[in-house]
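*Asks:* Provided below are the primary sequence and the corresponding predicted coordinates.
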Amino acid sequence: MSTPAFDPGTGLLTAPRDTIGTLATLVTGAGEGDAAAVDEALAAAGAGSLADPHPKLAEALLPMGTPLIGIRLGKTGYVMPGWVGQGRFTLHVYRHGDDDQLVTMPAEHIVHFLLWLLDIGPRPRGPRPAETRVEGAALDRAVALRLGDRPSEGLLPEPLDDAVAHGFRDWWLANARWTPAPDAPGEIMLEAIDTDAGLWSVERPEEGPAIVRPVTPLATMLALGDLLPDNNLIDRGAPRLALESTPVLGGPARWVADVLSG
Amino acid sequence: MAVYRLDPLGILETEPVVLDDGSALHELVEPLRAPGASRAGLSVLAEPVPEDEEGRDLTAAALAIGPDELLIDWEAAELAGEPAVRTLVLVQLGGVATVVLEQWRLLAAGERWIVTATADLALWPRLAPGLRAAAATLEVEA
């Protein structure tokens, strides 16, 4: 297991998953945890303590304690929790388990960061069908198999099947929740499959098959910008996002784990 | 020396401001301006065409981005009746904000041109169509 580390210039904390998870549990107010163990890890990293964090760590903890927006970011089969509040964005980045990271930045940087993290960039512009309807379970299975580097041919309609089976790059999901102003939506969900043939958005209606559409990197960039809703969509009277809507812990996406363990 | 013309379409200042790098920035007209980290508008820069082949490679120049920049997309395009390379780049401005640059690079009238539409990311969806439309009116002549 690696030693916890802290960068006082950026506020980046590197620590075991359980340590950051307990830190998140305590700071968000979601529950109890071994505060002494967290303090021990923070001290070892030179990041202070829960009661008296290093000023840069304190910046990272601000949105966790009073989140206005809760973020769930799914990537490569894992879902990671994030928080936006007090003008900052903090994300628990899942890496190998013993070197997870708590990353913080000004909230305005969230799109730039996510575009980098999700490796969004130029993609081919070849013709693709405007939309493909496919059973959600089949789509999940194909994506999960590819995330496990297993073959997936024949599960999906062409040309989506070929793109996923032979040019799969990644799957990701970005969800943001906030306390909505009256008559405003309180959530946005973006899901995409990234392939060598291009990016595909996934819409999952409450009923019926999933709808898969080609999307450009530009459209993806603009959609990620919607994760920070306009001020008029948020109930400014709410002191923070309700605890039950606040993300705390991440983990493997169950539908991925189920397919890969089967 | 080459000159350019563009139709400000009522959204850009007719008279440009000359920036430190020599580019001419047509800012948004006053009623359309909003607080932001960048000066939203359309800039035009004309430079001598490099003599070496590498320097004339518009695609290579377009795809060479800085450490705080992300290349979102690029494509072959056309502007002012000439082949051009269009790029979309996201720039982190000194820890302050995120700015979008949509740029066209072309060789015309004996010079190398860089036309840049700029706005803060938050304003981009609203401003981009107008800035692109204004860029499309560019004409250059020797």
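*Replies:* Perfect, thanks for sending it.
*Asks:* what does chain A have sitting close to chain B?
*Replies:* Residues of chain A lying close to chain B (C-beta under 8 Å from any C-beta of the partner chain) are A:106, A:108-109, A:111-112, A:115-116, A:120-123, A:125, A:216-218, A:221-222, A:225. All C-beta spots, glycine's among them, are computed from the backbone N, C-alpha and C.
*Asks:* who's in contact with the helix or strand of chain B with the lowest mean pLDDT?
*Replies:* One helix or strand of chain B scores below all others by mean pLDDT, DSSP states H and E: helix B:58-63, with a mean of 88. Residues outside helix B:58-63 that contact it (C-beta atoms under 8 Å, 6 or more residues apart in numbering or on different chains) are B:54-55, B:71, B:74, B:83-87, B:103, B:105-107, B:112.
*Asks:* Among the residues you listed, the buried ones, what's the ChimeraX command?
*Replies:* Of the contacts of helix B:58-63, the buried ones go into a single ChimeraX selection, burial set by 16 or more other C-beta atoms under 10 Å in any protein chain shown:
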select /B:71,74,84,85,86,87,103,105,106,112
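*Asks:* Including secondary structure, pLDDT and distance to residue B:96, could the contacts of helix B:58-63 go into TSV?
*Replies:* Below are the contacts of helix B:58-63 laid out as TSV (DSSP: H, G, I helix; E, B strand; the rest coil; pLDDT from 0 to 100; distance: C-beta to C-beta, whole Å):
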residue	secondary structure	pLDDT	distance to residue B:96
B:54	coil	73	34
B:55	coil	72	32
B:71	strand	96	21
B:74	strand	95	26
B:83	strand	95	35
B:84	strand	96	30
B:85	strand	96	28
B:86	strand	96	26
B:87	strand	96	22
B:103	strand	97	21
B:105	strand	95	26
B:106	strand	95	31
B:107	strand	92	34
B:112	strand	93	30
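*Asks:* Just the closest of the contacts of helix B:58-63 to residue B:26, please.
*Replies:* Residue B:26 lies nearest to residue B:103 out of the contacts of helix B:58-63, by C-beta to C-beta, at 14.8 Å.
*Asks:* List the buried residues in the least confident helix or strand of chain B.
*Replies:* Along helix B:58-63, these residues count as buried under the neighbour rule (16+ other C-beta under 10 Å): B:58, B:61, B:62.
*Asks:* thinking again about what came up before, show the buried residues in the residues of chain A next to chain B.
*Replies:* A:106, A:108-109, A:111-112, A:115, A:120, A:122-123, A:216-218, A:221-222, A:225.
*Asks:* Just the residues you listed: which are in helices?
*Replies:* A:111, A:112, A:115, A:217, A:218, A:221, A:222, A:225 (DSSP state H).
*Asks:* Pull the most distant pair out of these.
*Replies:* A:112 and A:218 (14.5 Å).
*Asks:* ok, so what distance separates residue A:184 from chain B?
*Replies:* Distance, residue A:184 to chain B, by C-beta to the nearest C-beta, to the nearest Å: 18 Å.
*Asks:* Let's verify residue B:128: helix, strand, or coil?
*Replies:* Using DSSP: H, G, I helix; E, B strand; the rest coil, the structure places residue B:128 in helix.
*Asks:* burial of it, as a residue count?
*Replies:* Using other C-beta atoms under 10 Å in any protein chain shown, residue B:128 has 17 neighbouring residues.
*Asks:* From the structure, what's the count of residues near residue A:183?
*Replies:* When neighbours are defined as other C-beta under 10 Å, residue A:183 has 6 of them.
*Asks:* how much space between it and residue A:206?
*Replies:* As judged by C-beta to C-beta, to the nearest Å, residue A:183 and residue A:206 stand 20 Å apart.
*Asks:* cool, and residue B:71?
*Replies:* Going from residue B:71 to residue A:206 by C-beta to C-beta gives 37 Å.
*Asks:* Residue B:83 now?
*Replies:* With the distance defined as C-beta to C-beta, residue B:83 ends up 48 Å from residue A:206.
*Asks:* Show me what from chain B comes close to chain A.
*Replies:* B:70-75, B:88, B:90, B:92, B:95-98, B:121-122, B:124-125.
*Asks:* Can you flag the buried ones in these?
*Replies:* Taking 16+ other C-beta under 10 Å as the criterion, what is buried in the residues of chain B next to chain A is B:70-74, B:88, B:90, B:92, B:97-98, B:121-122, B:124.
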